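**Student:** Structure of the sequence below:
(one chain, ligands or ions: 1)
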Amino acid sequence: MNRRFLFLLGSSRPGGNTELLARRAAEQLPADTEQRWIDLTEHPLPEFEDLRHDSDHVRPTEGSAGLLLDATVAATDLVIASPLYWYSLSAPVKRYLDYWSGWLRTPGLDFKATLAGRTLWGVTALAHQEREVADPLIGSLSNSAAYMGMRFGGVLLGNGSKPGDVLNDTEALTRAKTFFAQDAPLARFPYDRTEVRPTT
Ligand SMILES: Cc1cc2nc3c(=O)[nH]c(=O)nc-3n(C[C@H](O)[C@H](O)[C@H](O)COP(=O)(O)O)c2cc1C
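**Tutor:** Okay, here's the model as predicted:
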């Protein structure tokens with residue numbers, strides 16, 4: 001089956017470092033791999049309403065929610081391209097993920113079963129030099145993938161503050177070349193890392 005990559009851009013400015021890095025990685029995808037790019041600021045989601053315990057969520061058919069839901073369920077590979085904001089995901093990405101909670105409870109959608117086995121990837125740019133400050137963002141994506149039964153390809157990190165800075169991060173550009181070629185194992189929660197012991 002041909003893979004279909006959905007890139008969700010979550011920066012609050014166009015043409016930033018996160019998008020530049022994501023595009024570098026995407027350049028390496030095989031020609032028969034579909035790519036769809038959606039900038040979340042061009043399709044703003046209204047404030048998420050938690051109706052889980054009141055009434056059924058209804059499948060959105062129009063507006064930003066309808067577009068993002070359709071694009072999400074059509075993708076084999078979902079790439080969250082979020083800058084590091086306050087050590088975590090940007091607000092537009094966070095709100096998009098909050099919508100997953102509604103889609104999980106939408107009758108007839110089978111959102112979890114549909115996404116299970118598909119792959120979640122992350123791309124982020126950060127100003128901080130020490131990459132471990134991005135651990136909360138990585139943990140959010142990895143745990144979300146585990147919850148959904150998805151594969152997790154990891155997060156491609158690049159350094160930069162003003163737009164274009166990431167193009168000076170040669171290590172990040174090198175990592176971008178092979179990022180999507182990596183194996184993406186089924187995601188696991190941190191408490192579920194059962195050691196694989198060699199048999200004697
Ligand atoms: C609201 C906001 C919060 C930020 N928080 C962090 C942060 O926690 N850690 C960090 O290293 N950089 C932080 N930055 C810097 C951005 O991550 C950095 O400028 C990055 O290149 C922005 O990505 P973009 O160019 O794709 O928009 C922040 C920037 C903004 C606007």
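**Student:** okay, CA-based contacts and neighbour counts for the rest of this
**Tutor:** OK.
**Student:** How about the residues of the protein by the ligand?
**Tutor:** By CA under 6 Å from any ligand atom, the residues of the chain that approach the ligand are 11, 13, 16-19, 83-87, 125-128, 160-163.
**Student:** go with 8 Å
**Tutor:** Contacts of the chain with the ligand, taken as CA under 8 Å from any ligand atom, map to 10-20, 82-88, 90, 124-129, 133-134, 159-166.
**Student:** Out of these, name the ones that lie in helices.
**Tutor:** Under the assignment DSSP state H, the residues of the chain next to the ligand contribute 17-20 to helices.
**Student:** got a winner among these for most neighbours?
**Tutor:** When neighbours are taken as other CA atoms under 10 Å, the top entry among these is Thr18 (31 neighbours).
**Student:** residues in contact with that residue?
**Tutor:** 11, 81-83, 123-125, 158 (CA atoms under 8 Å, 6 or more residues apart in numbering).
**Student:** Ser142 versus that one, what's the distance?
**Tutor:** Using CA to CA, to the nearest Å, Thr18 is found at 18 Å from Ser142.
**Student:** was I right about Arg59 contacting Thr106?
**Tutor:** Yes - counting by CA atoms under 8 Å, Arg59 does reach Thr106; the two are 6.1 Å apart.
**Student:** where does the residue nearest the centre of the chain land in three-state SS?
**Tutor:** Geometric centre of the chain, nearest residue: Ile80, 2.4 Å, by CA atoms, centre = their mean. State at Ile80, reduced to three classes by DSSP: H, G, I helix; E, B strand; the rest coil: strand.
**Student:** which residue packs closest to it, ignoring adjacent ones?
**Tutor:** Gly122 (4.8 Å; CA to CA, 6 or more residues apart in numbering).
**Student:** Next, count neighbours for the one you found.
**Tutor:** Around Gly122 there are 24 residues (other CA under 10 Å).
**Student:** tell me the contacts of it?
**Tutor:** Gly122 makes contact with 79-82, 138, 141, 153-156 under the criterion CA under 8 Å, 6+ apart.
**Student:** List just the nearest of those to the ligand.
**Tutor:** Of all the contacts of Gly122, the ligand sits closest to Ser82, with 6.9 Å by CA to the nearest ligand atom.
**Student:** okay, the closest one: pLDDT?
**Tutor:** At Ser82, the model reports a pLDDT of 98.
**Student:** residues contacting it?
**Tutor:** If a contact means CA under 8 Å, 6+ apart, then Ser82 has 9-11, 18, 89-90, 93, 122-125 as its contacts.
**Student:** Which ones among those residues map onto strands?
**Tutor:** Applying DSSP state E to the contacts of Ser82, the entries found in strands are 9, 122-125.
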